[in-house]
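A.B. asks: Only the shape, not the letters, is given here:
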């Protein structure tokens, strides 16, 4: 694989997986860094990879230390047409089922056989008896009307 192929693959991956089109040339920079780390690690020199990991760790640590404060603007609240919802109502709504009340829609499982427990053998299926010609008799259904009625 060449550097250009890595760049193309990175660009395609970002577009397909994240729906992001890179227009600032950043795929070239990232591909170049990956390529250099690959070549240096292949020679046994892991200093560039360690430097990249260390710089990422410092960025993550500095971002986690920052406190994010959201300021509410009173001018924006006047034009807002959305109703105010209490946090308790929002939690109740978010905790509910996506498809309505599930308890009233479920069918009782009284007509089903109990589930098989771990370690129990599977129940035997009834064997079909074949006659001399190799045909199996099929039991008729009860309560079925004949065509004449």
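C.D. replies: Now that the structure is in, tell me what you want to look at. What you see is a predicted model; the values in this text were computed from it and never measured.
A.B. asks: Every contact and neighbour count from this point should use C-alpha atoms.
C.D. replies: Fine.
A.B. asks: list the buried ones in the helix ranked longest in the chain?
C.D. replies: Assignment by DSSP state H gives helix 47-65 as the longest helix of the chain. Neighbour-count burial for helix 47-65, counted by 16 or more other Cα atoms under 10 Å, picks out residue 49.
A.B. asks: Check what contacts stretch 117-136 and list those residues.
C.D. replies: 116, 137 (Cα atoms under 8 Å, 6 or more residues apart in numbering).
A.B. asks: gap between the two ends of that stretch?
C.D. replies: 33 Å (Cα to Cα, to the nearest Å).
A.B. asks: Report the mean confidence score over that stretch.
C.D. replies: Averaging pLDDT along stretch 117-136 gives 80.
A.B. asks: May I see the buried residues of that stretch?
C.D. replies: For stretch 117-136, using 16+ other Cα under 10 Å, no residue counts as buried.
A.B. asks: who's in contact with residue 7?
C.D. replies: So residue 7 contacts 27-28, 30-32 (Cα under 8 Å, 6+ apart).
A.B. asks: for it, helix, strand, or coil?
C.D. replies: helix (DSSP: H, G, I helix; E, B strand; the rest coil).
A.B. asks: how close does it sit to residue 25?
C.D. replies: 10 Å.
A.B. asks: Same question for residue 3.
C.D. replies: 14 Å.
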